[in-house]
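Asker: pasted the sequence and its predicted model underneath.
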Amino acid sequence: MTDSLLLVVGLLADDAPRDTGPDFGKASPFGLVVIVILLIGTFLLVWSMNKHLKKLPESFDPEHPEPDQAVDDGTVVEPGDPGLAKGGRPDGGG
């Protein structure tokens, strides 16, 4: 443990030349413009999405589910049609 700590301290204390050449820190102003445009676009997209989400109803459940309840429970059996009573198709398949 102590050896690894000494190794890490030795590497951190090393005076190796850093990557600070003559062009270090001279980013193009075009890069700043691109970043600002991306931030503005992101802001506008989030703002628009929030406007659309506020228009959505609290719930998509129907107010009166009684007419759909028979369909949700299974196949509606018509009187005199024994082929559909078991959930099969009228053409004999499935």
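Answerer: Looks like it came in fine. In this text the structure is predicted, and so the values were computed from the model without any measurement.

Asker: which stretches in this structure count as helices?
Answerer: With helices called from DSSP state H, the chain shows them at 2-13, 29-55, 66-73, 82-85.

Asker: could I get the pLDDT score of G94?
Answerer: On pLDDT, G94 comes in at 50.

Asker: L11 too?
Answerer: For L11, pLDDT reads 74.

Asker: residues near it, how many?
Answerer: Neighbourhood size, L11 [other CB atoms under 10 Å]: 9. Glycine gets a C-beta too; all of them are placed from N, C-alpha and C.

Asker: ditto for I37
Answerer: As a measure of burial, I37 has 10 neighbours, counting by other CB under 10 Å.

Asker: now do the contacts for it.
Answerer: Taking CB atoms under 8 Å, 6 or more residues apart in numbering as the definition of contact, I37 has no neighbours.

Asker: how near is it to G31?
Answerer: 11 Å (CB to CB, to the nearest Å).

Asker: then F43?
Answerer: Distance from F43 to G31, by CB to CB: 19 Å.

Asker: and E63, by the same measure?
Answerer: Relative to G31, and taking CB to CB, E63 is found at 54 Å.

Asker: can you check G41 too?
Answerer: Using CB to CB, G41 is found at 16 Å from G31.

Asker: and if you look at F60?
Answerer: Counting by CB to CB, the gap from F60 to G31 is 45 Å.

Asker: low pLDDT regions in the protein?
Answerer: Applying pLDDT under 70 to the chain picks out residues 15-19, 62, 65-94.

Asker: can you rerun that using 50?
Answerer: Residue ranges of the chain with pLDDT under 50: 84-85.

Asker: separation between H64 and G41?
Answerer: H64 is 43 Å from G41, by CB to CB.
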